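Visitor: Sharing a sequence plus its predicted fold:
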Amino acid sequence: MNRPFSPLAGSLSRRRFVQGLAVGGVLATTPASLLARESAQTALGSAPVLSGTDIHLEIGQSLVNFTGVTRMATTINGSIPAPTLRLREGDDVTIRVTNRLSVPTSIHWHGILLPFEMDGVPGISFKGIAPGETFVYRFKLRQSGTYWYHSHSGFQEMTGMYGALIIEPRSGERHEADQDFVVQLSDWTDEDPMHVFSKLKVQGDIFNFNQPTFFDFTRDVSDKGLKAALSKRQMWNQMRMNPTDLADLSTATLTYLMNGTAPAGNWTGVFKKGERLRLRFINAASNSFYDVRIPGLKLTVVQADGQDVEPVSVDEFRFGPGETYDVLVRPDDEAYTIFAQSMDRTGYARGTLATRQGLSAPVPTLDPVEWLTMQDMMGAMNHEGMGHDMPMAGMDRSSMNMDHSNMDHSKMDHSKMDHSMMHGGMAMDHSMHGMQHGSQNPLAKPSTSVNHARTEYGPSVDMRVDMPRTNLDDPGIGLRDLVKKGLRPQGHKVLTLADLKSLDGVLDDHRVPEKELELHLTGNMERYSWSFDGLEFGRSTPVSLKHSQRVRIILQNDTMMTHPMHLHGMWSELETDQGELRVRRHTIPVQPAQRISFLTTPHDLGRWAWHCHLLFHMDAGMFREVVVS
Amino acid sequence: MNINPVTKLCQISLACVLAGGAYAEMDHSNHDSGAHEMGQAQGGKAPDNARDPHAYSGGFTLTEGPYALPGPRQLKLADEHRFWAIIGDRLEYQEKSESTVFDLQAWYGTTYNRLVVKTEGDILNGTLEESSNDVLWSRAFNAYFDTQLGARVDNYDEGEDRQWLALGFQGLAPYWFEVDVTAYLGDDGRTALSAEAEYELLFTQRLILQPRMEINLLGKDDPANGLGSGLTNMSAGLRLRYEFSRQFAPYIGVEWTGAFGDTADYLQAQGEDKSTTQVLAGLKFWF
């Protein structure tokens, strides 16, 4: 482990990280990858497109400069993002991947159903691609839609190995569009990702520069009184949890990219007035959730994770690494900003839709950092409705009702804030239902009784949720009540999981599940460890599923972070807490203190990976194997 | 006279150390009844009916069962890696005593098991006056605390070196107190206890005030080293640092140090003050 000591690294201008360079990107490929099909100059902006049934990809190293510092990136055919693959549903494709690196590599086809040997996870599906070797991926495309591909080896994805994978439906696109843009969001660090990870191992909050301060406290004291200021903090301080722990990384090390372009570079998609555009949003970031909006344009979401959904019109959506959304827009002005702020509000990726290159529209300011709320920590809490004491000693009602007033930079009027609990009491309601329908097939609905694993009581777990929330209509921290807070115009709608419903015919298995599995997402921010059920990958055993058996998987998030959970090799079909099947996904974001359930029917035998798609959480151990036999 | 507020701080900090220790214990041992369905949100003991995390494995492991790749397991994530850090909590010059004080810690290991080396001492006129060096096996025992077991060697430029067995705990107590408490057992029935607590008060994201408090107790007189039994000495300091980065932070501060009981008498017999308050400047860093 070679960790150069750079004492002043953190004091360098943050603006450089936040904005990046206007003309950054891939500079030159190293001699080893000069054979790559695409030349270095093509790398700026939208990725080159490869199509057909026979594709050759070459993994090499290229110099990049996103921030003013030249660094080595890991690239596919010398570009960031990697070439966009445009393939056709029903085709048998052959993709040869040649490794020109000095270390093993791999490519995983994210969200694609295929034989497990072709899934590209070293150590599970195959041995990986050794230096100098060419691995031939061969599989039939049994689906259509927007997907992506990336390395599944170490942190190579974070250093540039990601690209879009578009599969055109045989029967033609359901929604005609005049133009089709891939909008791929990612993040970049000038540091060695392993070095970044090892820093978190020493100090879990090293990249958080929005921590509560003494003067936040004195401000609260003068605004609300000492008692309220203390009780607002009591819970956090007792539990040693940080209310601004919204992301592990921030612009203290990351630069956010849109189509491989830093904000200052302003990636631009050119349209003609009156055209209907299809924007294929892909979150290819290593560790960043993005909140995406295009001020002035309604976004009609028509696809989630490559699967058609009933069109839903929204103004903004949040998505995590691994998720994709296809959105239709009809711009009739000159220029619009595509604004994607990171969930922790330290920076943004940004681009423009314009009638010609060189135009730009106003760039919104970042929203203020909001403290996590009690519902993010404790789940469904409504004292009045519950005959139980709160699990934490020393909590009082005044601290419970504070949750929406915890604004750090409160420009806004406190009186406008919603002090009510959003979905208190849900969990209790549902357990009632469970009892009433006890005579029916008990597996018709997901169970509501919380079962912590015995391994959740040790040093690997810093918190457990006893009353999880099960509602799907929460946009999540930082996106709640935006209109009330004066941060968005009237009528502004943020997409939630509850808005997503697969189109008829997408969900093809309506059997009641034969069994139910419950797993909890766990972690310890202080030790920087992430796991399922308190067991990191190395201490875990696989989850065994039977071929073609319908099963329900309940994921309960016992942490304060949102985890985009990606199950390889089979769909994750999200249901409501009433057992109503809703939407087919390959990556499901699970919010803090939330309990969600999905059904799956594994049709492909083999071993598959299942993990949080925040790359650092995955690597820390929030990773399981699934055996289908 | 102007020691009073400092003494007050000592009292508060001491209470925190003790409370922290007590809480660490409580975390582990309290709440033994599996009866509470709605248990507490942290720590505690698994109830008897807690879920088996391997219940869904069908008897398969990562290396055994259908479709497992042949050979030893290839996929190892960071939970099986070893990491290391060198942490300079204090590296400072103290104005009145004209000495350089160091307080460094290094660790190497996994998330839950680490080798920890602690070294603390002071240098005067280029001579290592005294130092204490711990080599410990640090093992996570709950979410926030590690138990530590090992040995300590105290070196004195003038005096007799001492060797100890060490047993303690280190971690983060509620309300964000960094706590380090170690009990020592030496030869000839010698015993000792040292406790440290630190807190961070963020004025801004980079300007941070750190109150720090340390006490040392000895079970038996050690005249060769000028130490009496009971509470030997205590220090309480305030350090104001500016974090150019989270890993590099120069500071200035003030620290009160006092000796008690026979230790104070030994000092006075040598014509030294039993307590001093001095200004200091130093560097906090880690890499």
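Guide: That came through, no problem.
Visitor: Buried residues in whichever strand or helix holds B:Arg212, which are they?
Guide: Assessed by DSSP states H and E, B:Arg212 sits inside strand B:207-218. Buried residues in strand B:207-218, counting neighbours by 16 or more other CB atoms under 10 Å in any protein chain shown, are found at B:208-218. All C-beta spots, glycine's among them, are computed from the backbone N, C-alpha and C.
Visitor: The stretch 151-287 of chain B: strands as residue ranges?
Guide: Secondary structure of the stretch 151-287 of chain B, counting by DSSP state E, counting those that start in this stretch: strands at B:162-173, B:177-186, B:191-198, B:201-202, B:207-218, B:230-242, B:248-259, B:275-286.
Visitor: do the second one and chain A meet?
Guide: No - counting by CB under 8 Å from any CB of the partner chain, chain A has no neighbours in strand B:177-186; the shortest distance is 9.5 Å.
Visitor: For the stretch 251-400 of chain A, give me the ranges with low pLDDT.
Guide: For the stretch 251-400 of chain A, the stretches flagged by pLDDT under 70 are A:381-400.
Visitor: run the last query once more with 90
Guide: Low-confidence segments of the stretch 251-400 of chain A, defined by pLDDT under 90: A:374-375, A:377-400.
Visitor: Can you show me the helices along it?
Guide: A:374-378, A:397-400 (DSSP state H, counting those that start in this stretch).
Visitor: out of the buried residues of strand B:207-218, who's nearest chain A?
Guide: The shortest approach to chain A among these belongs to B:Leu209, at 8.0 Å (CB to the nearest CB).
Visitor: picking up where we left off before, mind putting the strands of the stretch 151-287 of chain B in JSON lines, mean pLDDT included?
Guide: Below are the strands of the stretch 151-287 of chain B laid out as JSON lines (pLDDT from 0 to 100):
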{"stretch": "strand B:162-173", "mean pLDDT": "97"}
{"stretch": "strand B:177-186", "mean pLDDT": "97"}
{"stretch": "strand B:191-198", "mean pLDDT": "97"}
{"stretch": "strand B:201-202", "mean pLDDT": "97"}
{"stretch": "strand B:207-218", "mean pLDDT": "98"}
{"stretch": "strand B:230-242", "mean pLDDT": "97"}
{"stretch": "strand B:248-259", "mean pLDDT": "97"}
{"stretch": "strand B:275-286", "mean pLDDT": "97"}
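Visitor: Now these in a markdown table, please, with extra columns for distance to A:Thr134.
Guide: Output for the strands of the stretch 151-287 of chain B, formatted as a markdown table (distance: least, CB to CB, whole Å):
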| stretch | distance to A:Thr134 |
| --- | --- |
| strand B:162-173 | 50 |
| strand B:177-186 | 52 |
| strand B:191-198 | 55 |
| strand B:201-202 | 53 |
| strand B:207-218 | 53 |
| strand B:230-242 | 53 |
| strand B:248-259 | 46 |
| strand B:275-286 | 44 |
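Visitor: related to what we said a few turns ago, what packs against the strand holding B:Arg212?
Guide: Helices and strands touching strand B:207-218, by 3 or more CB pairs under 8 Å, 6 or more residues apart in numbering or on different chains; DSSP states H and E, are helix B:4-29, strand B:191-198, strand B:201-202, strand B:230-242, strand B:248-259.
Visitor: For B:Ile123, give me its contacts.
Guide: Applying CB atoms under 8 Å, 6 or more residues apart in numbering or on different chains to B:Ile123 gives the contacts B:99-102, B:129.
Visitor: Run the contact check for stretch B:247-261 versus chain A.
Guide: Yes - using CB under 8 Å from any CB, stretch B:247-261 reaches chain A at B:247-248.
Visitor: And that stretch, what's buried?
Guide: Buried residues in stretch B:247-261 (16+ other CB under 10 Å): B:247-251, B:253, B:255-261.
Visitor: Distance from it to the middle of the chain?
Guide: How far stretch B:247-261 lies from its chain's middle: 15 Å, per CA atoms, centre = their mean, to the nearest Å.
Visitor: Mind checking if stretch A:130-139 is in reach of chain B?
Guide: No - legend: contact between stretch A:130-139 and chain B by CB under 8 Å from any CB is lacking; minimum distance shown is 12.1 Å.
Visitor: How about stretch A:561-570?
Guide: No - using CB under 8 Å from any CB, stretch A:561-570 stays clear of chain B, with a minimum separation of 11.1 Å.
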